[in-house]
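**Student:** no sequence for this one, just the structure:
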């Protein structure tokens, strides 16, 4: 994804994202924050691999952020909780990198 992915999201250009990423962003817009399993369940996919790689890509692109950890009630393992980054978080990151 392009470095300006968060700006594209906040400008309403969700159609620039791959379909699965669009679905994940839609789910997180509705849920606010969620674990990978919660996103998967919200979207009705049977396999965690339907969402997990796309969530990781969206984190790496700066569109999502890992906001917390919690214990998954199914696996009893610590899992990430993600949310859509606010616009200012990406602008601050770019400024720190000397891009903006």
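**Tutor:** All right, it came through fine. Because the structure is a prediction, the values reported are computed rather than measured. Residues are numbered from 1 along each chain as shown.
**Student:** average pLDDT across the top helix by length along the chain?
**Tutor:** In the chain, assigned by DSSP state H, the helix with the most residues is helix 19-31. Helix 19-31 shows a mean pLDDT of 91 in the predicted model.
**Student:** in it, what's buried?
**Tutor:** By neighbour count, with 16 or more other C-beta atoms under 10 Å as the criterion, the buried positions of helix 19-31 are 20, 21, 23, 24, 25, 27, 28. Heads up, the C-betas are built off the backbone N, CA and C, glycines and all.
**Student:** before we move on, what about stretch 54-68?
**Tutor:** Neighbour-count burial for stretch 54-68, with 16+ other C-beta under 10 Å as criterion, is recorded at 54, 55, 57, 58, 61, 62, 63, 64, 65.
**Student:** gap between the fourth one and residue 84?
**Tutor:** The span separating residue 58 from residue 84 equals 9 Å under the rule C-beta to C-beta, to the nearest Å.
**Student:** Now do the shared contacts for the two.
**Tutor:** Residues touching both residue 58 and residue 84 (C-beta atoms under 8 Å, 6 or more residues apart in numbering): 25, 64.
**Student:** would you turn the buried residues of helix 19-31 into JSON lines with distance to residue 42?
**Tutor:** Conversion of those to JSON lines gives the following (distance: C-beta to C-beta, whole Å):
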{"residue": "20", "distance to residue 42": "13"}
{"residue": "21", "distance to residue 42": "15"}
{"residue": "23", "distance to residue 42": "9"}
{"residue": "24", "distance to residue 42": "9"}
{"residue": "25", "distance to residue 42": "12"}
{"residue": "27", "distance to residue 42": "5"}
{"residue": "28", "distance to residue 42": "9"}
